[in-house]
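Colleague: Mind folding the following:
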Amino acid sequence: MTAPVPSLVTVRHLKKTYRRGSERIEVLQGVDLDIPKGEFLALMGPSGSGKTTLLNLLGGLDAPSDGSIDVGGEQIDKLSSSALARWRAAHVGFVFQLYNLLPVLSAQRNVELPLLLTRLSRTERRRRAALALSVVGLAERARHYPRQLSGGQEQRVGIARAIVTDPTLLLCDEPTGDLDRKSGDEILALLKALNQEHGKTIVMVTHDPHAAACASRVVYLEKGLLMSEEVPA
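Modeller: Predicted structure coming up:
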């Protein structure tokens, strides 16, 4: 009998409430979730269900109102803002729907950006950025600027930037939402390869059942609650 894979992420009783004037908006209402190391998890649900809020909490971009988040043995909800920033830089890679590339920098320099927060030498930063671009199939586009790339290529640069620090957790917010189906399928294939061949733990927010089918498990959120889970066929 195969031993269960240990959880990389453990979320317990997670709540997030925002205030708008005198109004309280409960975005997450007590979420429990375990994410095993090496899993590719898709988060689905209607707009306003709390998917992106949960993703931001897992990545340390926001703090919970209540509950706990443990990632790799580190209870990140207990970290100070400066400690959380250091943890995030070392352990989390973010992939966004709209790429967020700086237009005045080449692909190589865009990928290098997260490494500027480290003590690596300029030579080592360049080596790691070149390796990340090679992993996503864009080694030959290293000197190109975003305006010289297709949307799919820009997203590949975004993924290279996300993996250049060899993060513990790769968090993707609608990574194919701004792409046509062909380019989107290429990005999904790349994410699957990062998961299956490189062992990356991936959490992906998506509205697209086609994208979610690439994950090893799908979790559905509705009105801030975890409603159901399923493994795609």
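
Colleague: My guess is Thr10 contacts Gly72. True?
Modeller: No: here Thr10 lies out of contact with Gly72, judged by C-beta atoms under 8 Å, at a distance of 9.8 Å. Bear in mind the C-beta positions are built from the backbone N, C-alpha and C, glycine included.

Colleague: Quick check: phi and psi at Cys51.
Modeller: Rather than Cys, residue 51 is Lys. Backbone dihedrals for Lys51, given as degrees, to the nearest 10, come out at phi -60, psi -50.

Colleague: now Arg156
Modeller: When read as degrees, to the nearest 10, the backbone of Arg156 gives phi -60, psi -40.

Colleague: Look up phi and psi at the closest residue to it other than its chain neighbours.
Modeller: Once flanking residues are discounted, Arg156 sits nearest to Val136: 4.3 Å by C-beta to C-beta, 6 or more residues apart in numbering. The phi and psi values for Val136, taken as degrees, to the nearest 10, are phi -90, psi 10.

Colleague: chain center to stretch 169-185: distance?
Modeller: Distance of stretch 169-185 from the chain centroid (C-alpha atoms, centre = their mean, to the nearest Å) equals 11 Å.

Colleague: Go ahead and confirm Arg143 touches Leu105.
Modeller: No: applying C-beta under 8 Å as the test, Arg143 and Leu105 come out as separate, 10.8 Å apart.

Colleague: okay, the two: which has more neighbours?
Modeller: It is Leu105, of Arg143 and Leu105, that has more neighbours when counted by other C-beta atoms under 10 Å, with 14 against 10.

Colleague: I'd like the secondary structure assignment at the more buried one, please.
Modeller: Under DSSP: H, G, I helix; E, B strand; the rest coil, Leu105 falls in the coil class.

Colleague: Look up how far Val135 lies from it.
Modeller: Distance from Leu105 to Val135, counting by C-beta to C-beta, to the nearest Å: 19 Å.

Colleague: Ala160 too?
Modeller: Remark: distance between Ala160 and Val135 (C-beta to C-beta) = 7 Å.

Colleague: between the two, which one's more packed in?
Modeller: Higher neighbour count among Ala160 and Val135: Ala160, with 30 against 19, using other C-beta under 10 Å.
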